[in-house]
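K.L.:
Sequence first, then the predicted structure:
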Amino acid sequence: MNQITTLRQATPESRTLADRVCGEIVTAIIKGDIPPGHKISEPELARTYGISRGPLREAIRRLEGLRLVVRIPHVGARVVELSSQELIEIYHVREAMEGMACRLAAQNMTDDEIESLRALLDEHEDSLEQTEGRSYFQKEGDLDFHYRIVQGSKNNKLIELLGGELYHLVRMYRYQFSLSSSRPVRALAEHRHIVDAISHRDGELAEMLMRRHISAARKNIEQKLKTKLESDH
């Protein structure tokens, strides 16, 4: 009952504040400014983002819905921290599902959507040149290459699964594991080959290239996890 009352009393202004702050915290989590496992402190976040407790709590609830924040009994809310096994499992799921999305995108994307995808990759190349090949931050939604292909599949179930619970987790780990790596440069070249296959309406090739692309990203992460494990010992 209290929760229902709170939702009814929420003003459009507070919802707008919650939207803004939720977006800013999502970005901070994905870029690692708020690291995995970090305890969510409401007073600290309220000071950082200049927001009152009401809209802040709404923003935190949304972060829980996005699976970026988990609430642990007797501990409180923390930024999600996946085990190595959970992360690798997500990449195996991505390989299969995004491969399928790519095959469907080759059938269903319009010529204009494909040209827009090429233009997006030109923007990414410019961004990589500015950062000398280091990782670049892809904003969510239409600015994200993988997201656009999933949307281009025109398959609502794939869009729901890959654009929902998995989406921000993948963004977080994809960004953080590509830092200080030559992987972003190779990934951009792989992205271009994928778009070529889609533009030629070759669904079989597009699926194979996407699966190979995500497999390469997974192997890159596995190597980094192995190196980290060895250095910790």
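P.N.:
That came through, no problem.
K.L.:
residue ranges of the helices in the chain, please?
P.N.:
Assigned by DSSP state H, the helices in the chain fall at 2-9, 12-30, 42-49, 53-65, 84-108, 111-130, 145-152, 156-162, 165-177, 183-199, 203-232.
K.L.:
what's the last one packed up against?
P.N.:
Based on contacts counted as 3 or more Cβ pairs under 8 Å, 6 or more residues apart in numbering; DSSP states H and E, the elements that helix 203-232 packs against are helix 84-108, helix 165-177, helix 183-199. All C-beta spots, glycine's among them, are computed from the backbone N, C-alpha and C.
K.L.:
list the buried ones in the first one?
P.N.:
For helix 84-108, the buried set under the neighbour-count rule, 16 or more other Cβ atoms under 10 Å, comprises 87-88, 90-91, 94-95, 97-106, 108.
K.L.:
what's near enough to touch the nearest residue to residue 192 once chain neighbours are set aside?
P.N.:
Excluding its sequence neighbours, the residue lying closest to residue 192 (Cβ to Cβ, 6 or more residues apart in numbering) is residue 121, at 5.9 Å. Neighbouring residues of residue 121 by Cβ atoms under 8 Å, 6 or more residues apart in numbering: 145, 188, 191-192, 195.
K.L.:
what about residue 121, distance to residue 205?
P.N.:
In this view, residue 121 and residue 205 are 18 Å apart by Cβ to Cβ, to the nearest Å.
K.L.:
still on that earlier bit, for residue 35, find the nearest of the helices and strands packed on helix 203-232.
P.N.:
Residue 35 lies closest to helix 165-177 among the helices and strands packed on helix 203-232, at 8.8 Å (Cβ to Cβ).
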